[in-house]
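>>> sequence first, predicted coordinates after that:
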Amino acid sequence: MSTQTLTIGKALNLGLRRAMEDDAKVVLMGEDIGRLGGVFRITDGLQKDFGEDRVVDTPLAEAGILGTAVGLAMRGYRPVCEIQFDGFVFPAYNQIVTQVAKIHARSRGRLAMPVVIRIPFGGGIGAVEHHSESPEAYFAHTPGLKVVAVSNPVDAYWGIQQAIAHPDPIVFLEPKRRYWDKAEVDTAATPDPLFASRLVRGGDDVTVLAYGPMVKTVLQAAEAAAEEGRSLEVVDLRTISPLDLDPVVDSVRRTGRCVVVHEAPVTLGLGAEIAARVTEACFHSLEAPVLRVGGYDTPYPPSKLEEEYLPDLDRVLDAVDRAMGF
């Protein structure tokens with residue numbers, strides 16, 4: 001049977017396995033990804049089946065992981081680097097933004113850089129500092145990088161394979177608190193394009209946008225709103241660089257209202273860029289300002305406070321109420 005019930009974590013595991021079977025140049029690199037299978041067990045069993053030369057346990061040195069990946073990519077390999085937690089990516093930030101993102105342009109197109117950087121991101125698992133961050137805006141702001149944020153097992157299974165096959169470097173964001181969410185995945189289907197947003201719930205009153213871990217939160221908010229007679233249209237952006245806003249613009253021109261939701265702090269987050277572009281494209285259709293819901297402009301708090309920090313149904317529905325109040 002080609003249809004299976006998979007968690008996001010298992011979907012990623014099977015997607016990585018299939019990519020490695022299809023292309024012998026695919027190499028996985030990361031801390032504890034071999035015998036242990038990674039902190040979240042995403043690479044479980046892969047070193048046993050593909051060997052230590054293709055599933056490489058690296059030292060605790062993110063800059064070294066990415067620097068090695070650059071050299072491998074130049075020699076025709078397709079390295080997939082796991083960053084153990086979102087907050088651990090910053091030692092590699094220099095390599096990512098000054099090397100990985102720029103070598104294709106620097107070489108006038110002669111050198112491809114097919115590197116995938118897998119990053120579990122976001123909060124909600126009761127972890128300590130550096131384990132619950134949302135650094136996507138840093139990478140979306142960097143020309144030369146593409147940034148994907150999956151929200152469900154179907155996109156996890158197909159998206160990781162599409163990212164690995166893509167010629168450009170991709171930061172692949174995985175919502176760590178959703179790793180155990182389940183859905184039916186047809187492994188024989190034709191997947192949606194990687195860099196396309198998707199309408200996941202139709203509605204008439206307000207367009208609500210999200211990506212990664214917040215898609216589930218927004219869908220739950222839409223269910224709650226429906227009980228009060230409000231109809232929310234929900235769009236999963238899926239990729240945040242490049243942004244596919246055509247379906248968003250079509251939706252906002254119908255609803256006249258838009259709310260953008262993400263976990264990252266609101267100031268200079270993705271919501272700011274989206275709000276500007278939606279306003280430019282839909283100015284004469286808007287009945288209210290584009291509103292943003294996100295984390296607060298503070299460092300991520302201790303785990304006892306994270307439920308107060310993370311956007312939830314109440315904060316999404318409050319923004320919907322404010323949008324409807326204009």
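Perfect, I can see it now. For clarity, every value in this text was computed on a predicted model and none was experimentally measured.
>>> okay, the spatially most central residue of the chain and residue 262: tell me how far apart.
The centroid of the chain falls nearest to residue 149 when counting by CA atoms, centre = their mean (1.5 Å). Counting by CB to CB, to the nearest Å, the separation of residue 149 from residue 262 is 9 Å. Glycine gets a C-beta too; all of them are placed from N, C-alpha and C.
>>> which neighbours do these two share?
Counting by CB atoms under 8 Å, 6 or more residues apart in numbering, the contacts common to residue 149 and residue 262 are 136, 211, 212.
>>> show me which of those residues are buried.
136, 211, 212 (16 or more other CB atoms under 10 Å).
>>> quick check, nearest of the shared contacts of residue 149 and residue 262 to residue 51?
Distance to residue 51 across these (CB to CB) is lowest for residue 212, with 32.2 Å.
>>> what's near enough to touch the closest one?
121, 122, 136, 149, 150, 151, 173, 175, 178, 262, 263.
>>> so what's the backbone phi/psi at the fourth one?
Looking back up the chat, that one is residue 149. phi -130, psi 100 (degrees, to the nearest 10).
>>> that one is in contact with residue 175, isn't it?
Yes: with contact defined as CB atoms under 8 Å, residue 149 reaches residue 175; the gap is 7.4 Å.
>>> quickly list what's touching both of these two.
In contact with both residue 149 and residue 175: 121, 212, using CB under 8 Å, 6+ apart.
>>> look up the closest residue to residue 56, ignoring the ones flanking it.
In space, and not counting its chain neighbours, residue 56 is closest to residue 29: 4.7 Å by CB to CB, 6 or more residues apart in numbering.
>>> related to what we said a few turns ago, and the residue nearest to the centre of the chain, what pLDDT?
Looking at residue 149, its pLDDT is 98.
>>> next: residue 1.
65.
>>> one more: residue 296?
Model confidence at residue 296, given as pLDDT, is 96.
>>> swap in residue 318?
pLDDT, residue 318: 98.
>>> what about it, neighbour count?
Per other CB atoms under 10 Å, the neighbour tally for residue 318 reads 15.
>>> burial measure for the spatially closest residue to residue 275 that is not a sequence neighbour, as a count.
Of all residues not flanking residue 275 in the chain, residue 290 sits nearest, at 3.9 Å (CB to CB, 6+ apart). Here the number of neighbours of residue 290 (other CB under 10 Å) works out to 22.
>>> now do residue 268
For residue 268, using other CB under 10 Å, the count is 12.
>>> quick check: it vs residue 140, distance?
For residue 268, the distance to residue 140 - CB to CB - is 11 Å.
>>> cool, and residue 66?
Counting by CB to CB, the gap from residue 66 to residue 140 is 18 Å.
>>> who's more crowded, the two?
More neighbours surround residue 66 than the other of residue 66 and residue 140, with 25 against 20 (other CB under 10 Å).
>>> mind jotting down where the helices sit in this structure?
Assigned by DSSP state H, the chain shows helices spanning 8-22, 46-50, 62-74, 93-95, 103-106, 136-140, 153-165, 214-227, 246-255, 270-282, 306-309, 313-325.
>>> single out the most deeply packed of those.
Greatest average neighbour count among the helices of the chain goes to helix 153-165 (a mean of 24), per mean count of other CB atoms under 10 Å.
>>> check which helices and strands that one is in contact with.
strand 3-7, helix 8-22, strand 78-82, strand 116-121, strand 170-175, strand 182-186 (3 or more CB pairs under 8 Å, 6 or more residues apart in numbering; DSSP states H and E).
>>> can you do 6 Å?
helix 8-22, strand 182-186 (3 or more CB pairs under 6 Å, 6 or more residues apart in numbering; DSSP states H and E).
>>> tell me the contacts of the residue nearest to residue 275?
258, 275, 278, 279 (CB atoms under 6 Å, 6 or more residues apart in numbering).
>>> if you count residues, where's the longest strand of this protein?
Counting by DSSP state E, the longest strand found in the chain is strand 258-265.
>>> who are the packing partners of it?
strand 206-210, helix 214-227, helix 270-282, strand 291-295, helix 313-325.
>>> what pairs with it, parallel or antiparallel?
If you go by DSSP bridges, strand 258-265 pairs up with strand 206-210 (parallel), strand 291-295 (parallel).
>>> can I get the ones you listed in a markdown table with mean neighbour count and distance to residue 317?
Formatted as a markdown table, the strands paired with strand 258-265 follow (neighbours: other CB atoms under 10 Å; distance: least, CB to CB, whole Å):
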| stretch | mean neighbour count | distance to residue 317 |
| --- | --- | --- |
| strand 206-210 | 29 | 10 |
| strand 291-295 | 22 | 10 |
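>>> so where's the protein shaky on pLDDT?
1 (pLDDT under 70).
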